[in-house]
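Engineer: any chance you could fold what I've pasted below:
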Amino acid sequence: MSLYPVLLSPLQLGPVRLRNRVVFAGHGSRFVDWNNHHLTERQGHYLAERAKGGVGMIIQGSSMVHPTGLAAAGVNEIWSDESIPAYARVVDMIHEHGAAVFGQLSHLGRQGNTFAAHRELWAPSPIPDPASRVVPHAMTIADISELTAAYREGARRLVEAGFDGIEVYLAHGYLLCEFLSPFSNRRDDQYGGSLENRSRLPLEVLEAVNSQVGDNVAVGIRVSAEEFSPDGIDPEECNAIVEYLLARQRVDYVSVSQSNYASMETMIPDMAFDRAPFAHYAAKVREVCNGVPVLTVARLVTPEKCEELLSDGIADGVCLVRPLIADPEWVNKAAEGRREDLRECISCNVGCRGGPHRGSQIACLVNPAVGYEETWGIGNKHRAKSPRRVVVVGGGAAGLKTAEIAAERGHEVELFEASEVLGGQVLVAAATMPYRDEFANSVRFLAARCRSLGVSINLETRVDAEMITAIGPDAVVIATGSSPGRPDIDGAELLVTAHHAIRHGVEGHRIIVVDSGEADWKVATTAERLASDGHEVVLVTPVSVGAEMDAFSRPGMLRRLRQLGVEFVERHILCSVEPGRAYIQETLTGTVSSLEADQVVVAWYGVADDALHTALQLGPAPELHLVGDALAPRRAIDAIWDGHRIAHLL
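Structural biologist: Next comes the predicted model:
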């Protein structure tokens, strides 16, 4: 008997029967031709990988129905017939592996910028976007008519491309949601004011879409049940909207999400949130759907939690994105009883949101194969032509990933770690706050995988060049990490590193935490931890606090820091330290000032521990590789990418 009988049972969405209740929800990958905004083969392989992994349905995210909807780079269009062949190719690749595929019709509205399309943004009212602060064009009646026709034609194109269904995007503060919400709709004509008027355009769009699909293509909607914004949609308003739309147009399912760009912290909740924090909104919407299936979303990390939600009647299906990015075989592993092999999402947002935050494609901290499924996907293990004896020195993220992939490829792998536990600096990062413990799941999984693959693991063993020579391996991978650095200033000997502060605490009441300029999780969580321990904390940074964090996690971090009383001193660097006082300099004017400080903690750049690599190069060394912080101190995602890359070269 299945451990997940409801989760893995079929689900009927109008005319479409899903093989199970797991949906790979629509999202932006940026695997798009940035010149013509068409889908690419890379996108096809990315989505097909999740179909191969067993999901019931895949939603190709946000297809822009009109050029003014292209308010972000790397978004795909459906406003021209020229886009159809690329969509059809992706559909065929997904269908080959048995999943249903739906297309999401969208317009980003005011939420974005004007650089991608060099066009004005469209919105119901000329209210600036809460994130980009761009003032949009208030749509005329003629614009609304043009938009409705664009949705009609977009639906036709998706049907011609072979999609099984269409999802009309009414959520997350994008254009149709902007019409629905008093937060963004201040019109005084027939498209504003009452619920009936605010629902008019979504209703007209649904009518236009339904006119194109016939009896064999399903139509669903995605809504935000709670915008967490003044005058925004709340659960009662959402229920009224859903009930109103379902009574007037065919809708085969309702996908329930939350938030808009004024409440980004809650849109893609990171590990600071409990798991399934917003599932109750789906349960409330389900009350007015009269049997129309309802889908729920957000931090549904494990099959156990999904089964519980479905069994309890919270929803009829589950929408996953990050868990299926982390492990495309999530469904198959659950179905086949391979739970221990399931690589869990840690909800860090580092790659899946941090990549697009930096203008790149999505990635994943725990799954380096994202975007490279054609090469490194399911079944492509690239066994080595001949097994080799490989020594990995260092049991942090880079070393563990190297050992895992090398062992998968058939090499005999021996790993040495100087400390008593595997995990390296990831364990320090995970120890900052209780909610950050989930971050350590990344290395816990790798350690378990290495053991199951037969990697010989030696703890509390410090390796030198002589020992390596005596072992006589064919290849050596140095993953010895980095040491916490300190700024080269007067009084540097008085400084405490963030690593030490996290592991051992600090003395004194008033603590200055200094950012090197990396402006990411390391300094922010150090300040959060010390403030939580009761210290008065001042965070000094040469940039803005959290500047390098992803746009969805940063607001929550800043809020928590301010709630803990942390003072921000931005655009300042540390000049010198003396007992009881720190001297800082403003980067804009050069003005020097001082702060009282019982202790100064520095979250500074790492210093590569590459001495073993240097020593081995002095003699008749075997094949040598440097990975992770020993190569260049960076983030955990970079360390894991390094290990993955080098292991495929062995």
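
Engineer: which helix runs longest in the chain?
Structural biologist: Ranked by residue count and defined by DSSP state H, the top helix of the chain is helix 141-161.

Engineer: so what does the next helix or strand after that one touch, helix or strand wise?
Structural biologist: Using DSSP states H and E, the next helix or strand after helix 141-161 towards the C-terminus is strand 165-170. In terms of contacts (3 or more Cβ pairs under 8 Å, 6 or more residues apart in numbering; DSSP states H and E), strand 165-170 is packed against strand 57-64, strand 100-106, helix 141-161, helix 175-180, helix 200-213, strand 218-224. All C-beta atoms are positioned from the backbone trio N, CA, C, and that covers glycine.

Engineer: how many degrees apart are the fifth one and strand 218-224 in direction?
Structural biologist: It stands for helix 200-213. In terms of direction (axes from the mean of the first three to the mean of the last three Cα atoms, to 10 degrees), helix 200-213 departs from strand 218-224 by 160 degrees.

Engineer: for the nearest residue to Ala335 once chain neighbours are set aside, phi and psi?
Structural biologist: Spatial nearest neighbour of Ala335, chain neighbours left out: Leu8 (5.6 Å); criterion: Cβ to Cβ, 6 or more residues apart in numbering. Per-residue torsions, Leu8: phi -100, psi 10 (degrees, to the nearest 10).

Engineer: send the alpha carbons of stretch 431-443 over as PDB?
Structural biologist: Extracted in PDB, the C-alpha atoms of stretch 431-443 (Å, rounded to 0.1, in the frame of the first residue of the first chain):
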ATOM      1  CA  ALA A 431      23.600  27.600  14.000                       C
ATOM      2  CA  THR A 432      22.900  31.300  13.900                       C
ATOM      3  CA  MET A 433      19.200  31.000  14.500                       C
ATOM      4  CA  PRO A 434      16.900  28.100  15.200                       C
ATOM      5  CA  TYR A 435      15.100  28.500  11.900                       C
ATOM      6  CA  ARG A 436      18.400  28.300  10.000                       C
ATOM      7  CA  ASP A 437      18.900  24.700  11.100                       C
ATOM      8  CA  GLU A 438      17.100  23.700   7.900                       C
ATOM      9  CA  PHE A 439      20.100  25.100   6.000                       C
ATOM     10  CA  ALA A 440      22.200  22.200   7.300                       C
ATOM     11  CA  ASN A 441      19.900  19.700   5.600                       C
ATOM     12  CA  SER A 442      22.000  20.400   2.500                       C
ATOM     13  CA  VAL A 443      25.100  18.900   3.900                       C
END
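
Engineer: in it, what's buried?
Structural biologist: For stretch 431-443, burial by neighbour count (16 or more other Cβ atoms under 10 Å) applies to 431-433, 435-436, 438-443.

Engineer: got it, and stretch 124-141?
Structural biologist: Buried-residue list, stretch 124-141, by 16+ other Cβ under 10 Å: 124-125, 127, 129-132, 134, 136, 139.

Engineer: among those, which two are most distant?
Structural biologist: Across those, the longest distance by Cβ to Cβ is 19.8 Å; it joins Ala131 and Met139.

Engineer: show me where the stretch 451-600 of the chain has its helices.
Structural biologist: 465-471, 498-504, 521-532, 554-563 (DSSP state H, counting those that start in this stretch).

Engineer: for the nearest residue to Ala73 once chain neighbours are set aside, give its distance to Ser2.
Structural biologist: Leaving aside its sequence neighbours, Ala73 sits nearest to Ala116 (Cβ to Cβ, 6+ apart; 4.7 Å). Computed as Cβ to Cβ, to the nearest Å, the Ala116 to Ser2 distance reads 45 Å.

Engineer: comparing those two, which residue is more hemmed in?
Structural biologist: Ala116 (19 against 12; other Cβ atoms under 10 Å).

Engineer: and the more buried one, what element?
Structural biologist: Counting by DSSP H and E, Ala116 is part of no helix or strand.

Engineer: now do the contacts for it.
Structural biologist: Contacts for Ala116 (Cβ atoms under 8 Å, 6 or more residues apart in numbering) come out as 70-73, 75.

Engineer: what does the host helix or strand of Thr296 contact?
Structural biologist: Using DSSP H and E, Thr296 maps to strand 294-297. With Cβ under 8 Å, 6+ apart as the test, strand 294-297 has contacts from 23, 25, 253-257, 276, 278-279, 281-283, 285-286, 309, 314-321.

Engineer: run me through the strand neighbours of that strand, direction for each.
Structural biologist: strand 253-257 (parallel), strand 317-320 (parallel) (DSSP bridges).

Engineer: can you read off the backbone torsions of Val321?
Structural biologist: The phi/psi pair for Val321 (degrees, to the nearest 10) is phi -130, psi -70.

Engineer: which other helices and strands contact the least confident helix or strand in the chain by mean pLDDT?
Structural biologist: Least confident helix or strand of the chain, by mean pLDDT, DSSP states H and E, is helix 354-357 with a mean of 79. Helix 354-357 sits against no helix or strand, with contacts defined as 3+ Cβ pairs under 8 Å, 6+ apart.

Engineer: which residues does the helix or strand harbouring His613 contact?
Structural biologist: Assigned by DSSP H and E, His613 falls within helix 611-617. Under the contact criterion Cβ under 8 Å, 6+ apart, helix 611-617 has outside partners 393, 463-465, 468, 476, 478, 480, 622, 624, 626, 630.

Engineer: if we can go back for a sec, put the alpha carbons of the longest helix of the chain into CSV.
Structural biologist: The C-alpha coordinates for helix 141-161 follow below in CSV (Å, rounded to 0.1, in the frame of the first residue of the first chain):
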residue,chain,number,x,y,z
ILE,A,141,-11.4,51.4,-22.3
ALA,A,142,-9.7,50.9,-25.6
ASP,A,143,-6.7,49.4,-23.9
ILE,A,144,-8.9,47.0,-21.9
SER,A,145,-10.6,45.9,-25.1
GLU,A,146,-7.2,45.3,-26.7
LEU,A,147,-6.0,43.3,-23.7
THR,A,148,-9.1,41.1,-23.7
ALA,A,149,-8.5,40.3,-27.3
ALA,A,150,-4.8,39.6,-26.5
TYR,A,151,-5.9,37.0,-23.9
ARG,A,152,-8.3,35.4,-26.5
GLU,A,153,-5.5,35.1,-29.0
GLY,A,154,-3.0,33.9,-26.4
ALA,A,155,-5.5,31.1,-25.5
ARG,A,156,-5.8,30.2,-29.1
ARG,A,157,-2.1,29.9,-29.5
LEU,A,158,-1.7,27.7,-26.4
VAL,A,159,-4.4,25.4,-27.7
GLU,A,160,-2.7,25.2,-31.1
ALA,A,161,0.6,24.3,-29.3
